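Colleague: Provide a 3D model corresponding to the input given below.
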Amino acid sequence: MERWLSEGERVEEAVPLPGGWTSHTRRLDLRGPLCRRSLVLRSFVKPFYVRHAEGLLPREAAVLRLLAGTDVPAPALTAVDPTARHCAHPSLLMSLLPGTVRLDDRDAKARAGLLARQLLRVHRLPVDAGQRPRTYQAWASPERVVRPPGTRRLGLWQRAVDVIAGPPRPYRGCFLHRDFRELGRTGLTSEVLTRRLEEYLAALFDRYG
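Modeller: Numbering: from 1, shown residues only. Now for the predicted structure:
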């Protein structure tokens, strides 16, 4: 990993960062001749992600390059090692953004507005054909859908399964952040999550049929 540091820099400390479950993420505190700085090292260690790292990490690196210079706040790419040639595990090295992980409901309304506005920026990002990420792929399958116990809307869930099982519907493509969510909030019990998801599905079917 040190091959990607500036001349004279060294890692003083590696601090685990909370919030991720697909990988181990650490803040690397660096000291150099002129200044100190921090980078983030994201490493795939789970077998599933290690197997798919050669596809996943280069795509992530390409998206970070695409976002550079836009008004969407994103880390700056430093290096990527999808085959673990230079690191112990397939890894991506990037700059550190300010902020903290929030798992409480404080200022939830204000934060929801900020998240929504940021999501609009993501969707409106112009992407030419040469930079376009791969075509959207559904990661769900009919056999993996589990109806929530106690739901009174079995018909709604069956309709969702039928949509997943069918061919993709016509759509207008846009830049999509498919992992844009705020989970882990203390007020989101399984019942609340089920109700919100069912409301979301019903709204989608009402609009798009």
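
Colleague: Please report how far the residue lying farthest from the centre of the chain lies from residue 164.
Modeller: In the chain, the greatest distance from the average C-alpha position (Cα atoms, centre = their mean) is reached by residue 33, at 34.5 Å. The spacing between residue 33 and residue 164, counted by Cβ to Cβ, to the nearest Å, is 56 Å. For the C-beta atoms, the positions are set from N, CA and C on the backbone; glycine is no exception.

Colleague: do residue 60 as well
Modeller: Distance from residue 60 to residue 164, by Cβ to Cβ: 25 Å.

Colleague: Residue 150 now?
Modeller: Residue 150 is 22 Å from residue 164, by Cβ to Cβ.

Colleague: Likewise for residue 36?
Modeller: 49 Å.

Colleague: out of the two, which sits in the more crowded spot?
Modeller: residue 164 (14 against 10; other Cβ atoms under 10 Å).

Colleague: What is the neighbour count of residue 201?
Modeller: There are 16 residues near residue 201, going by other Cβ under 10 Å.

Colleague: Strands along the chain, start to end?
Modeller: 10-16, 24-31, 36-43, 77-81, 91-95 (DSSP state E).

Colleague: For those, give me TSV that also has distance to residue 157.
Modeller: Shown next, in TSV, are those (distance: least, Cβ to Cβ, whole Å):
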stretch	distance to residue 157
strand 10-16	38
strand 24-31	34
strand 36-43	35
strand 77-81	39
strand 91-95	36
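
Colleague: and among the ones you listed, the most buried is which?
Modeller: strand 91-95 (a mean of 21; mean count of other Cβ atoms under 10 Å).

Colleague: Give me the helices and strands touching it, please.
Modeller: Applying 3 or more Cβ pairs under 8 Å, 6 or more residues apart in numbering; DSSP states H and E, we find strand 91-95 packed against strand 36-43, helix 53-67, strand 77-81.

Colleague: which parts of the longest one are buried?
Modeller: Right, helix 53-67. Buried residues in helix 53-67, defined by neighbour count with 16 or more other Cβ atoms under 10 Å: 53, 56-57, 60-64, 66-67.

Colleague: any low-confidence regions in this protein?
Modeller: Residue ranges of the chain with pLDDT under 70: 1, 19, 103, 136, 177-193, 196, 200, 203-204, 206-209.

Colleague: same thing but at 90, please
Modeller: 1-11, 17-22, 32-35, 63, 66, 69, 71-73, 98-209 (pLDDT under 90).

Colleague: so how far is residue 31 from the closest residue to residue 71 other than its chain neighbours?
Modeller: Among residues not flanking residue 71 along the chain, residue 121 sits closest, at 6.0 Å (Cβ to Cβ, 6 or more residues apart in numbering). Using Cβ to Cβ, one gets 35 Å for the distance from residue 121 to residue 31.
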